[in-house]
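Asks: Would you be able to build a 3D model of this:
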Amino acid sequence: MRVELQDRARALENDYFRRRESELIERLKGHLAVENAQGTGLTCPKCHAELLEAGFQDIKLDVCGKCHGVWFDAGELAHVIVNDKEGGWFSKLFD
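Replies: Numbers count the residues shown, from 1 in each chain. Down below sits the predicted model:
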């Protein structure tokens, strides 16, 4: 019985680290996308660093490379809300 519990504990631990690694990989992919984004020539309203252009859903968002703020141009926020077909958390903010 003790061996079964140890095996179970190892399996849970491995699953935990696998999930954490996949989360970190996704986060790194997001940072890489921002780093590879093109500069817009605009500055962040919060920290005054240069804003970079990054794609999300089929729109181009302005993302700050320093404070990681995301800024929408006119009509982009409405576009994201309208196209949220799955009823995610973002559209629920405005219900």
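
Asks: Quick one: mean pLDDT over stretch 59-73.
Replies: Averaging the model's pLDDT scores along stretch 59-73 yields 83.

Asks: I meant stretch 9-27, not that one.
Replies: Rounded to a whole number, the mean pLDDT of stretch 9-27 is 87.

Asks: and residue 52, how far is that from residue 30?
Replies: From residue 52 across to residue 30, the span is 12 Å (CB to CB, to the nearest Å). C-beta: built from backbone N, CA, C; applies to glycine.

Asks: More neighbours: which of these two?
Replies: Legend: neighbour count by other CB atoms under 10 Å for residue 52 and residue 30, higher for residue 52 (20 against 13).

Asks: tell me the SS of that one?
Replies: Following DSSP: H, G, I helix; E, B strand; the rest coil, residue 52 is assigned to strand.

Asks: ok, residue 66 touching residue 47?
Replies: Yes. Proximity of residue 66 to residue 47 meets the contact threshold set by CB atoms under 8 Å, at 5.2 Å.

Asks: Can you check which residues contact both of these two?
Replies: When contacts are counted by CB atoms under 8 Å, 6 or more residues apart in numbering, residue 66 and residue 47 have no shared neighbour.

Asks: Identify each of the strands in this structure and give its residue range.
Replies: Taking DSSP state E as the criterion, the chain contains strands spanning 38-43, 50-56, 59-64, 70-71.

Asks: deepest of those strands, which one?
Replies: Relative to the other members of the strands of the chain, strand 59-64 carries the highest mean neighbour count by mean count of other CB atoms under 10 Å, namely a mean of 19.

Asks: From residue 55, how far out is the residue nearest the centre of the chain?
Replies: Central residue check for the chain by CA atoms, centre = their mean: the C-alpha nearest the mean position is that of residue 30, 5.9 Å away. Per CB to CB, residue 30 is found 11 Å from residue 55.
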